[in-house]
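Engineer: predicted structure and sequence below. I'll ask about it afterward.
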Amino acid sequence: MTGGTTDDGAGSAGRAGRRQGAPRGRTEQANALASFVLEVTDGVTLRELAERYHVGKTMWGEYRSGQKLVPLDLLERLVADRTPDETTRGSRTRTARRLHAAAVDAAAGPPEPAPEPSAPSPVPRTPAPRRRHRLAVGLTVTAAVAVVALLLLVALLPSGSEDISAGGKLPSGGASQDGSPPVRAAPLTGTGVFAIGPDGDGVLQWDGPGAGDWTRIGDTAKRLWAGPAGLFATGVRGDGLFAYGGSPGRWHQVGEPGADFAISGTRVYRLAPDRGSVHVWDGRGTSWTWVGGPASRLYGGGPGLFATNPKDGRIFKYAGRPGEWEFVGTAGADFALTDRHLYGLTPDRAMVTRWLAPETRDADEKWTWAAGPAGALFAGAAGLFSTDPTGTRLRHYAKNAWHDIGPAGAEVRVAGREVFVLTDDRTSVRRWDPRTDTWTRVGGPAGTLAVTVPRAGP
């Protein structure tokens, strides 16, 4: 993603045609790699690098000074883009890999003294006042675009003349539609792994390793959502949203149909069928509260609730109060939430970036490079996963790189420690254990899956 101040970074490093000072890395190997990056990017400004590779200008300045090591996949892409001759490109790529490996190895050991600068440092200058603007998954947001972002944020919210309850809002009194007392979703215990049988026949819960069995907890369903708030399904009896009551066969309707649903913590969110408004379940009965306007998709997880704008794909975070949404970034090909972070896949699927907020207050660096190309993203408490660009292989994100772990299958669900995959033909549910790096068949066939980290049992 892009970043940086309104100029091209610190000192002369961001301006083509000016010489940058000597590298300032912790090791000679880091300085050698930085010198190589400087050579490859000669004549290119930090701003141009940020816009081309979606990595902030501050980060590029640190890559070119040796203060940070450029990720290998980014380095290889840089060499490929900046070396049109095929023969030279191959030689440069080998050099890049050798220098990168040496820098990584050196960083793992005691720091070696870096050489003294051979040229004086640039004369310090008074920094220009920063403009407050947001950072995008795609392009740098200037002050003018920030104004547009505010207008788009207003577009997420319905106008004062719009009837936000149009479309048949369920009664707010809390009673269920059959007149029974108000209901709540039951806390989930057990494995937290659920499936719908083929053709919607049966809702099943996995009994756990060694058991090899699944318990039938419902007769029929179309889709499932699971999280700290409980287990929810559509198609149980009609098209509304139903909550699992904690014992087989016990389901209660809590909402009307929706275009999308998401769970963040103990909250359940619903996108209206026409995608014109977002609502949060009040936690009992069929009472829901409006929290925002039009959206195309909802993403829920540990960091909160996020929604994409239907007009341009920009992503916003719900601030916790009805009508209040924070602009996060521009459109991405995909987004995913772990228990701590939001990740975005750039529109060209060439790289994955991580949203830094709220861990940084720097208005100029809200996103950072995370990994290279991906087809689709999946995430949960066990971490970040993706398919490769072909969509056929599943990979785990660890130590700032992708690691192949097996076939991607038809569906991928990330649980607390493990990952569950429904095979392409939907005849088998397989479980990956990162502690042993092995796959085990745990059931199947199935139509779809849902997983969560359950609460501890009584």
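Structural biologist: Nice, thanks for sending it over.

Engineer: for the residue nearest to S296 when sequence neighbours are not counted, grab the count of nearby residues.
Structural biologist: Nearest residue to S296, sequence neighbours excluded (CB to CB, 6 or more residues apart in numbering): P310, at 4.2 Å. (C-beta placed from N, C-alpha, C; glycine too.) By other CB atoms under 10 Å, 16 other residues sit near P310.

Engineer: where in the chain is pLDDT low?
Structural biologist: Of all residues in the chain, those with pLDDT under 70 make up the ranges 1-20, 109-184, 189, 211-212, 358-365, 455-458.

Engineer: select the longest helix from it.
Structural biologist: The single longest helix within the chain, with elements called by DSSP state H, is helix 86-108.

Engineer: for that one, which outside residues touch it?
Structural biologist: With contact meaning CB atoms under 8 Å, 6 or more residues apart in numbering, helix 86-108 is reached by 25-30, 32-33, 36, 40, 69-70, 72, 75-76, 79-80, 83, 112.

Engineer: thinking again about what came up before, would you mind measuring from the residue nearest to S296 to V328?
Structural biologist: Distance of P310 to V328, given as CB to CB, to the nearest Å: 16 Å.

Engineer: so of the contacts of helix 86-108, which ones are in strands?
Structural biologist: Judged by DSSP state E, those include no members of strands.

Engineer: which of those are buried, as a PyMOL select command?
Structural biologist: Buried members of the contacts of helix 86-108 can be picked out in PyMOL with the line below, counting by 16 or more other CB atoms under 10 Å:
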select buried, resi 25+26+27+28+29+30+32+33+36+40+69+70+72+75+76+79+83
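
Engineer: phi, psi for L337 please.
Structural biologist: phi -120, psi 130 (degrees, to the nearest 10).

Engineer: state the distance from it to G265.
Structural biologist: L337 is 11 Å from G265, by CB to CB.

Engineer: with A370 instead?
Structural biologist: In terms of CB to CB, A370 sits 24 Å off from G265.

Engineer: quick one: which of those two has more around it?
Structural biologist: Shown here are A370 and G265; by other CB under 10 Å, A370 has more neighbours (21 against 13).

Engineer: what is the neighbour count of T423?
Structural biologist: T423, neighbours per other CB under 10 Å, totals 18.

Engineer: so it makes contact with A410?
Structural biologist: Yes - the pair T423 and A410 qualifies as a contact (CB atoms under 8 Å) at a distance of 6.6 Å.

Engineer: among the contacts of helix 86-108, which ones are in helices?
Structural biologist: E28, Q29, A30, A32, L33, F36, V40, L72, L75, E76, V79, A80.

Engineer: tell me how far the residue nearest to the third one when sequence neighbours are not counted lies from D73.
Structural biologist: Nearest non-adjacent residue to A30, counting by CB to CB, 6+ apart: G66, 4.4 Å away. Using CB to CB, one obtains 19 Å as the distance from G66 to D73.

Engineer: same check, this time on E48
Structural biologist: Distance, E48 to D73, by CB to CB: 20 Å.

Engineer: shouldn't E51 be within a strand?
Structural biologist: No - applying DSSP: H, G, I helix; E, B strand; the rest coil, one finds E51 to be helix, outside a strand.

Engineer: overlap in contacts of L337 and G265?
Structural biologist: With CB under 8 Å, 6+ apart as the test, L337 and G265 both reach G302.

Engineer: what pairs with F261 across the strands?
Structural biologist: Applying DSSP bridges to F261 yields these beta-bridge partners: R270.

Engineer: whoops, T387 was the one
Structural biologist: L394.

Engineer: what is the neighbour count of it?
Structural biologist: 21.

Engineer: can you pull the contacts of it?
Structural biologist: A374, G375, A376, R393, L394, R395, A408, V412.
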